[in-house]
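Novice: Please work out how this folds:
(2 chains)
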Amino acid sequence: MKELAGRLTALDPDAGAAVQVISYFDHLAEARAGLETLVRGAAVLAGCPARLVDGGRRVRVRVEPDGTRKDVDGVPDSAWPSAALEPGGVPALWLERPEGEPSVVDAVILERAAGAVRLVLDRTRGRAPASLADDPALVETLLDATVPQDARLHAARLLGVDPTDPAVRVRALAPSDGRPRLLTAGAELPLGRVGVGPAVPVLDLPRSWAEAHTALRFTADGTAQDPGPRVIYADELGGIALLAGLIAPGDDPPADVHAIEAAAAALPWLLATLNAVAATASQRGAAAEINVHHSTLQDRLTQAEHLLGWPVRTPQGRLRLQLALTMRHLARP
Amino acid sequence: MTLVPPPFDPELAAALELIKDVISPGLTMDDITAMREGMGIQMLAELDLTVGGFFELDERTVPGPQDAPDISLFIARPTAEAVGTRPVFYHVHGGGMVIGDNKTGVTAALDWAKELDAIVVSVEYRLAPEHPHPAPIEDVYAGLVWTAEHAAELGGDAERIVIAGASAGGGLTAALGLLTRDRKGPRPIGQVLMCPMLDDRNDTPSAHQMAGLGVWDRTANDTGWTALLGELRGGPDVSPYASPARADDLADLPPTFVDVGSAETFRDEAVAYASRIWQAGGVAELHVWPGGFHGYDGFAPQAAMSQSTGAARLNWLRRLIGE
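Specialist: Residues are numbered from 1 along each chain as shown, chains lettered A, B, ... in the order given. Here you go, the predicted structure:
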């Protein structure tokens, strides 16, 4: 009697589809289905590949709309519809929907699938962390210098780190979501802005955390409004890190920063252009970075220098620009 | 006797819930006409049976059984040039003996043929209740005879015919295996019985357990068998060529692949058939997929267990054909 009725295929985005999506994931959750089954459900119902990436928990699942598992490397496209696993969290579940083909049930699929995924992760990886970054309480214990050493060593063992192995080095991570994490060899960085502390022995993690937290202040969103690197390694800052002690978050920044903000309000391309000049080895490299012709870049810089009041193409002027852009991030509340 | 049914596989259960509006466990005689005109036909119209141009398709009218109308064979041949002759999958469609045509469910056989560079021949047989036993099996047999005799003309190898079917098609395939053995007709090199409908008595523990559940329950099964056999159903005089579970002798059958879900009416009769082949000294491979409802791999082909089910079949065929 098979093939008499419809197959389970991508839903028509009509009125009944949302109800069916909710029912489908409710049944899977009730039956305690696993992650791949949930991601497959999203892919099949949406009719496009679905991807789950939780770097902290080392989870990476991608399923094609025909139901076959096909993991790929690479970063999810920010244009794809996505959902976080926790309110305010970073995106973790994507529908690889080409732009211009949105489906009204995508949001329902993402919300229901993400909710079911969170339950599975809490159940299977919450209590018995599979990786270092899983248990916030243990991680915080390790990062807190006021906690007695014995307690910190105990927390390390619970997190699967052997503190007696002299070769073990761990980095503290300070992501922009505020939840501290650890990074061991081979693990993935969380998405979004993140400061990375130096690799240290277990008992030095409070220092790594402090430096990671400082490094986070130097990061940018990597957008046109906030150009710059999303990931900053504390041990690559060197003496620049001292600037963080001069400007506290939320401080009124120095006049050069005000000059940049005022110029940026007048010229929408200004921040990306100045960042390219500050961050690349040559002006030709800067032009390529922002996809403009060399002569266009020169025109823009002439305009920018006029508004800023200082040259940005001399070595001294370039340092002043780099400092101003850096202090702009440090003054962020 | 306890009547606790085995649970459905979680992923399949969720899928079943989605399709429950279009498929219900039971089927009565009154439902047959509606089902014949229902969704199946629309679904088929949307399928690309050339599989992206891999196959060229043909529909041949060939002689039926003696004193009976001609039958129609759906033939799919790879368009690429053959290296030697190709194996032939002779497909018998499902549909509870009462519905379907020679394109129903043929995609499974097309998938194998694409993987293994083979030809598919799918037979159209007269349907019950208008055409009770032996009309369906005689049509199926006539199609096999024609296929064996004309295999070379199709580029196929008459010595490498595999017969295959799902559900009622699986039952007819098993019956075909018995009939061609006894008539000394063409000798297939293997038979694939997918969730086969084998036993008109409809009285196994699984038939009772799954009443009212899943797809094709005991009521539906009673409808199908009664359509085929009328008042003979369940009685002492049923032919094994109608109901293969009735055969006394399962020796000298070709190597047999049997699969079935644990949560369907046909579970116990499928398991018993494989066991009896072994007991008769034959070769069989049996897969019982836990929590599978009837035809799950057709309704929810994306599910993990459907993928495993398809892979197991292909794996067996690959070993059989000896690639």
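
Novice: What are the boundaries of the helices in the chain?
Specialist: Here I'm looking at chain A. A:15-30, A:35-46, A:106-121, A:136-143, A:149-158, A:205-217, A:243-246, A:255-266, A:270-279, A:283-289, A:294-308, A:315-330 (DSSP state H).

Novice: Switch to chain B, please.
Specialist: B:10-19, B:32-36, B:39-46, B:106-116, B:135-154, B:168-182, B:205-209, B:218-229, B:267-279, B:296-299, B:304-321.

Novice: Help me confirm that residue A:62 comes into contact with residue A:71.
Specialist: Yes - if you go by Cβ atoms under 8 Å, residue A:62 and residue A:71 touch, sitting 4.9 Å apart. Using the backbone N, CA and C atoms, a C-beta is placed for each residue, glycine as well.

Novice: Pick out whichever of those two has more residues nearby.
Specialist: residue A:62 (20 against 10; other Cβ atoms under 10 Å in any protein chain shown).

Novice: who touches the more buried one in this structure?
Specialist: A:39, A:49-52, A:69-72 (Cβ atoms under 8 Å, 6 or more residues apart in numbering or on different chains).

Novice: residue of the stretch 151-300 of chain A with the smallest distance to chain B?
Specialist: Of all residues in the stretch 151-300 of chain A, residue A:188 sits closest to chain B, at 25.6 Å by Cβ to the nearest Cβ.

Novice: Is the spatially closest residue to residue B:79 that is not a sequence neighbour bridged to anything, and to what?
Specialist: Nearest residue to residue B:79, sequence neighbours excluded (Cβ to Cβ, 6 or more residues apart in numbering or on different chains): residue B:56, at 5.1 Å. Beta bridges link residue B:56 to residue B:77 when assigned by DSSP bridges.

Novice: Might one say that residue A:82 is in contact with residue A:93?
Specialist: Yes - between residue A:82 and residue A:93 there is a contact at 6.3 Å, judged by Cβ under 8 Å.

Novice: Identify the contacts common to those two.
Specialist: When contacts are counted by Cβ under 8 Å, 6+ apart, residue A:82 and residue A:93 are jointly contacted by residue A:110.

Novice: These two: who's more crowded?
Specialist: The neighbour count for residue A:82 versus residue A:93, taken as other Cβ under 10 Å, is higher for residue A:93 (28 against 20).

Novice: Would you enumerate the residues in contact with that one?
Specialist: So residue A:93 contacts A:39, A:42, A:50-52, A:82-83, A:85, A:110, A:113-114, A:117 (Cβ under 8 Å, 6+ apart).

Novice: Tell me the one of these nearest residue A:202?
Specialist: residue A:85 (28.1 Å; Cβ to Cβ).

Novice: which strand in chain B runs the most residues?
Specialist: In chain B, with assignment by DSSP state E, the single longest strand is strand B:156-166.

Novice: any idea how far stretch B:195-215 is from the chain center?
Specialist: Offset of stretch B:195-215 from its chain centre (Cα atoms, centre = their mean, to the nearest Å): 16 Å.

Novice: so where's chain A shaky on pLDDT?
Specialist: Flagging of chain A using pLDDT under 70 yields the residue ranges A:1-15, A:56, A:100-102, A:126-134, A:184-187.

Novice: If we use 50, what do you get?
Specialist: Across chain A, the ranges flagged by pLDDT under 50 are A:1-7, A:127-130, A:132.

Novice: if we can go back for a sec, please list all residues in contact with the residue nearest to residue B:79.
Specialist: Taking Cβ under 8 Å, 6+ apart, we find residue B:56 in contact with B:50, B:76-79.

Novice: re the thing from before, top of the contacts of residue A:62 by neighbour count?
Specialist: Busiest of these [other Cβ under 10 Å] is residue A:50, holding 27 neighbours.

Novice: How about the contacts made by that one?
Specialist: Counting by Cβ under 8 Å, 6+ apart, residue A:50 touches A:39-40, A:42-43, A:62-63, A:93-96, A:113.

Novice: what does residue B:316 give?
Specialist: Residues in contact with residue B:316, defined by Cβ under 8 Å, 6+ apart, are B:192, B:257, B:285.

Novice: redo that, cut-off 6 Å
Specialist: The contact partners of residue B:316, taken as Cβ atoms under 6 Å, 6 or more residues apart in numbering or on different chains, are B:257, B:285.

Novice: okay, it: pLDDT?
Specialist: On the pLDDT scale, residue B:316 is placed at 98.

Novice: what's around the closest residue in space to residue A:54 that isn't next to it in sequence, how many residues?
Specialist: Nearest residue to residue A:54, sequence neighbours excluded (Cβ to Cβ, 6+ apart): residue A:92, at 5.2 Å. Residues lying near residue A:92 (other Cβ under 10 Å) number 25.

Novice: mind listing what residue A:92 touches?
Specialist: Contacts for residue A:92 (Cβ under 6 Å, 6+ apart) come out as A:54, A:84-85.

Novice: looking at chain B, which helix or strand does the model trust least?
Specialist: Least confident helix or strand, chain B: helix B:39-46 with a mean of 55, by mean pLDDT, DSSP states H and E.

Novice: before we move on, the earlier item: of the contacts of residue A:92, which is the most crowded?
Specialist: Going by other Cβ under 10 Å, residue A:54 tops these with 25 neighbours.
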